[in-house]
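S.K.: everything below, folded, please.
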Amino acid sequence: MPNRSESILGTFGGIIGIIIGALSFIISGIESVVRLHFQNAVVNSIIMVVVAFIALFGAGITRRDRLVGGVVMVFAAILGFALFDGFYLISSIIVLLAGIIALVEHFR
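M.R.: The predicted structure is shown next:
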């Protein structure tokens, strides 16, 4: 199977999202230990990693079906940006671009 740009971009964006989510989890975990109470940031970090895995799932699907993979990646990008604003911006832009490329290539 040939490497498609949307699959590579989606995978890259998902990995960046996982890294950002993991860093957020570590930082919020340390903060919650110092303050001795559970923060919403820990839950947000977990959700951020789940959204990144959804993006990776979409990137993997594009090898079989560009339409479904593109829709999943666009959904993950919009969800990540809507929930986490600027903190997830880089990953959202990369995954959104990959999703748009997949959709354009499907309809071409």
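
S.K.: ok, then the element right after the lowest-mean-pLDDT helix or strand in the chain?
M.R.: Taking mean pLDDT, DSSP states H and E as the measure, the helix or strand of the chain with the lowest value is helix 5-35, at a mean of 86. Using DSSP states H and E, the next helix or strand after helix 5-35 towards the C-terminus is helix 40-61.

S.K.: tell me which residues in stretch 13-29 are buried?
M.R.: Going by neighbour count (16 or more other C-beta atoms under 10 Å), the buried part of stretch 13-29 is Gly13, Gly14, Ile15, Ile16, Gly17, Ile18, Ile20, Gly21, Ser24, Phe25, Ser28. (Each C-beta comes from the backbone N, C-alpha and C, glycine too.)

S.K.: again with stretch 49-57
M.R.: Within stretch 49-57, the residues that qualify as buried are Val49, Val50, Val51, Ala52, Ile54, Ala55, Leu56, counting by 16+ other C-beta under 10 Å.

S.K.: which residues sit in contact with Gly70?
M.R.: Gly70 sits next to Glu6, Gly58, Thr62, Ala98, Gly99, Ile100, Ile101, Ala102, Leu103, His106 when contact means C-beta atoms under 8 Å, 6 or more residues apart in numbering.

S.K.: from Ile61, how far out is it?
M.R.: Counting by C-beta to C-beta, to the nearest Å, the gap between Gly70 and Ile61 amounts to 9 Å.

S.K.: who are the contact partners of the residue nearest the centre of the chain?
M.R.: Nearest to the centroid of the C-alpha atoms of the chain, with distances taken as C-alpha atoms, centre = their mean, sits Ala52, at 3.0 Å. Under the criterion of C-beta under 8 Å, 6+ apart, the contact list for Ala52 reads Gly14, Ile15, Ile16, Gly17, Ile18, Ile20, Gly21, Ala76, Gly80, Ser91.
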